[in-house]
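Show me how the following folds:
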Amino acid sequence: YVKETNLSASPLTVTSGTGTITFGAGVGTNSPLLSLNATGNVIELPQSPTLNTTNGTNVNGQVEVSNGSGGYVATQLLTIAATSQTGTYGSTPPTNLPITYTIQNSTATPTPPTNVSAATETWSVTPTSTSSIGIYEETVSGATWTGTGASAANPYTFIYVNGGLTINPATLYYTATPASSAYGANIASLTGSIAVTGLKNGDTLSGVATGTALFTTTATSASNVGPYSIVGSGVSLTDANYVLAQAPGNSTAYTITPADLYYAASTAASTYGSAIAPVSGTVMGLTNGDTLSSVATGTALFTTTATSTSNAGSYAITGDGLTLTSSNYQLAQSPGNSTAYTITPADLYYTANTASSTYGASIAPLSGSLTGFIGSDTLATTTTGTASFSTTATSASNVGAYGVTGSGLTLIDSNYTLVQASGNSSAYTITPATLYYTANTASSAYGANIAPLTGGITGFIGSDTLATTTTGTASFATTATSASNVGTYGVTGSGLTLNDSNYTLAQGSANGSAYVITPATLTVTGTTIANKLFNGTVSATISGGTLVGVVPNDVVTLSQAAYFASFVPGAQVPVIVNDTLGGANAGNYVLSEPTGLFATILAPMAAPTAVEQTGVPTQTNTSVAIGAINPLSLTSAGLSAVTLGVTQGGVNAIGASEGTTSTVISPYVVQSGDPLLKNGGAS
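Model (predicted):
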């Protein structure tokens with residue numbers, strides 16, 4: 001802006017939506033002022049564009065210029081953005097991405113504002129269910145202002161933000177076939193396959209992979225009873241649209257079952273009517289170097305149902321007296337025990353099968369059998385009725401061992417008696433229920449203080465409460481710190497002591513990932529965009545950016561990139577920034593890109609028709625083409641000021657009519673050997 005002492009005030013014109021300011025009066029001979037004189041007017045530019053003055057002074061903000069009657073002309077940014085999404089190879093992609101419309105300083109909506117037509121979306125490459133993995137960009141454009149009459153003026157500056165669909169690989173699973181072996185036995189053969197249900201679009205396994213699937217397990221013949229994983233390997237993918245993974249069931253696909261620990265009676269005999277001979281036996285089936293004292297308590301005892309009055313015949317010798325302390329075994333009678341003693345009569349035993357349930361749960365079904373028959377006698381020939389089994393334990397019973405009692409039979413053979421098997425007295429077990437430290441999820445940004453941690457105790461049965469089952473105060477802690485990298489961390493509960501043996505304390509299953517460190521947000525300050533000559537591209541030169549918000553000692557670098565929203569020449573052309581982060585600690589941050597940047601694309605200009613200097617013969621230079629790509633260069637000994645006649649589209653670029661001449665003071669500067677340039681406009 002130039003203040004003239006020999007001219008009246010220049011009217012100021014603001015073009016809504018672009019921020020371009022022009023002056024209606026010709027430029028005189030005075031030097032430019034050091035600042036913009038806008039007394040009585042309000043100067044604000046949208047989202048920090050730059051208003052260039054002749055001496056380089058910048059004014060930032062949104063321009064509102066008085067129209068003399070109390071009204072103002074203003075513009076707002078309307079951001080029209082496609083929302084990026086993800087999908088999986090072989091799945092049906094969306095027809096288009098969702099679009100949102102956001103007026104400056106307002107909330108995004110899925111519908112355009114009044115008098116704005118909906119934008120159109122165009123895929124760079126249209127994704128389908130057969131599309132390979134990758135990112136498919138969708139361009140947003142085409143919104144228009146449809147207002148008429150009093151609403152004919154467009155109050156918005158449209159900013160388009162493109163989106164993309166990321167197609168991720170489908171998963172092929174190594175699926176192990178379940179297998180098992182007894183404790184101490186050799187590991188069974190392992191098999192499995194690659195699940196073909198994961199193949200998409202008619203793909204075949206041979207078409208996407210090579211190799212042969214092999215399966216191994218961590219279980220050995222010395223492994224304890226329990227589930228073990230089976231892991232598949234051996235296949236290499238040849239198609240990037242897939243990834244290999246273990247099927248969820250593989251983690252427990254192999255089972256080590258208890259080995260049988262046999263009561264093996266030594267054979268014995270007595271003559272009918274004589275005293276019963278001593279009976280004895282051994283315990284067989286120990287493996288992996290185990291000893292009887294290391295897996296069981298008690299003493300193995302052997303008895304027979306034969307008496308001195310028994311009829312001749314074969315009778316059972318039954319082993320008893322042991323209580324297992326190792327889950328790697330189960331007790332059983334050796335098959336030969338049933339006929340180890342030859343005499344009659346024998347005892348018939350109600351023998352309950354062991355069963356258990358958790359405190360507070362329903363009682364498990366009970367079952368058992370009648371044992372001790374001699375010779376060809378059967379249940380049908382010695383008894384009437386139906387054997388049934390019951391227990392004194394209920395869902396409200398405390399943790400411990402309970403008896404299982406058999407009943408329901410009536411003997412019809414005096415050679416037998418009905419008794420409860422010795423193991424029945426502790427055949428039913430109530431095991432403790434689990435109370436869980438259940439942490440509430442929490443999070444904090446990288447570099448920030450750890451958020452307060454809370455949680456509760458879950459798993460109470462019936463009317464039991466925290467106060468009736470525990471002492472102390474539950475507290476929660478995490479391994480995460482303000483210096484922890486982005487990721488998930490465990491939250492661990494502690495502080496309670498059980499005073500009720502019906503429960504055990506454990507961590508909730510979700511506690512292992514209950515705390516999340518999220519990326520910190522970095523901003524960029526000081527970004528500048530250089531004006532450029534029109535070259536038919538949207539390339540832009542960006543510099544000056546500085547990261548704000550990096551945690552001290554972190555290694556984070558900024559790679560700057562930008563491009564013009566349009567290659568069309570003009571002032572205040574919007575610039576889109578596409579900076580990226582690098583460095584060892586970049587993964588702990590996300591970048592908030594600078595917005596509201598503008599620069600000028602200088603338009604080409606026609607060749608001058610003549611050049612002359614006062615006191616110097618006229619010099620013509622019609623053969624020199626000037627413009628954005630080839631600016632005019634004038635050379636003449638002693639040439640310091642020129643008078644130009646310049647045409648551009650029929651209108652002289654410095655204000656005169658076509659074919660006339662004007663003294664060049666500003667905005668043109670011509671010196672000997674220098675290119676002809678226009679400050680802030682075409683060249």
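
What segments of the stretch 451-600 of the chain are helices?
Taking DSSP state H, counting those that start in this stretch to define them, one finds helices in the stretch 451-600 of the chain at 466-469.

Okay, helices next: where are they in this structure?
Remark: helices assigned in the chain by DSSP state H are 205-208, 292-295, 379-382, 466-469.

Let's have those helices in JSON lines, adding mean pLDDT, distance to Phe598 and mean neighbour count.
For the C-beta atoms, the positions are set from N, CA and C on the backbone; glycine is no exception. Output for these, formatted as JSON lines (pLDDT from 0 to 100; distance: least, CB to CB, whole Å; neighbours: other CB atoms under 10 Å):
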{"stretch": "helix 205-208", "mean pLDDT": "94", "distance to Phe598": "50", "mean neighbour count": "14"}
{"stretch": "helix 292-295", "mean pLDDT": "96", "distance to Phe598": "82", "mean neighbour count": "13"}
{"stretch": "helix 379-382", "mean pLDDT": "92", "distance to Phe598": "98", "mean neighbour count": "14"}
{"stretch": "helix 466-469", "mean pLDDT": "96", "distance to Phe598": "63", "mean neighbour count": "14"}
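
Of those helices, which is nearest Leu331?
Judged by CB to CB, the one of the helices of the chain that comes nearest to Leu331 is helix 292-295, at 10.3 Å.

out of the helices of the chain, nearest to Gly164?
helix 205-208 (25.1 Å).

any idea how far that closest one is from the chain center?
29 Å (CA atoms, centre = their mean, to the nearest Å).

show me what contacts Val125?
Counting by CB atoms under 8 Å, 6 or more residues apart in numbering, Val125 makes contact with 131, 136.

Against Pro335, how distant is it?
Computed as CB to CB, to the nearest Å, the Val125 to Pro335 distance reads 72 Å.

Tell me how many other residues surround Val550.
21 (other CB atoms under 10 Å).

Does it touch Tyr589 like I think?
Yes. Counting by CB atoms under 8 Å, Val550 does reach Tyr589; the two are 7.5 Å apart.

possible to save the helices of the chain as JSON lines with distance to Gly360?
JSON lines is the format used below for the helices of the chain (distance: least, CB to CB, whole Å):
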{"stretch": "helix 205-208", "distance to Gly360": "48"}
{"stretch": "helix 292-295", "distance to Gly360": "30"}
{"stretch": "helix 379-382", "distance to Gly360": "36"}
{"stretch": "helix 466-469", "distance to Gly360": "12"}
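
Out of these, which gets nearest to Phe302?
Closest approach to Phe302 among the helices of the chain (CB to CB): helix 292-295, 14.7 Å.

Flag every buried residue along stretch 402-414.
Using 16 or more other CB atoms under 10 Å as the test for burial, stretch 402-414 gives 402-406, 409.

Go ahead and flag the most central residue of the chain.
With distances taken as CA atoms, centre = their mean, Gly487 lies nearest the centre of the chain, 9.8 Å away.

so that residue sits right up against Ile517, yeah?
Yes. Using CB under 8 Å, Gly487 is in contact with Ile517, at 5.9 Å.

which one is Val575 nearest to, not counting chain neighbours?
The shortest distance from Val575 to any non-neighbouring residue, by CB to CB, 6 or more residues apart in numbering, is to Leu597 (4.3 Å).

typed the wrong thing, it's Gly134
Per CB to CB, 6+ apart, closest to Gly134 is Ile167, 6.1 Å.

For that neighbour, give its distance to Ser124.
From Ile167 to Ser124 the distance is 14 Å (CB to CB).

one step back: what number of residues lie near the residue nearest to Gly134?
Using other CB under 10 Å: Ile167 sits among 23 other residues.

Thanks a lot, see you next time.
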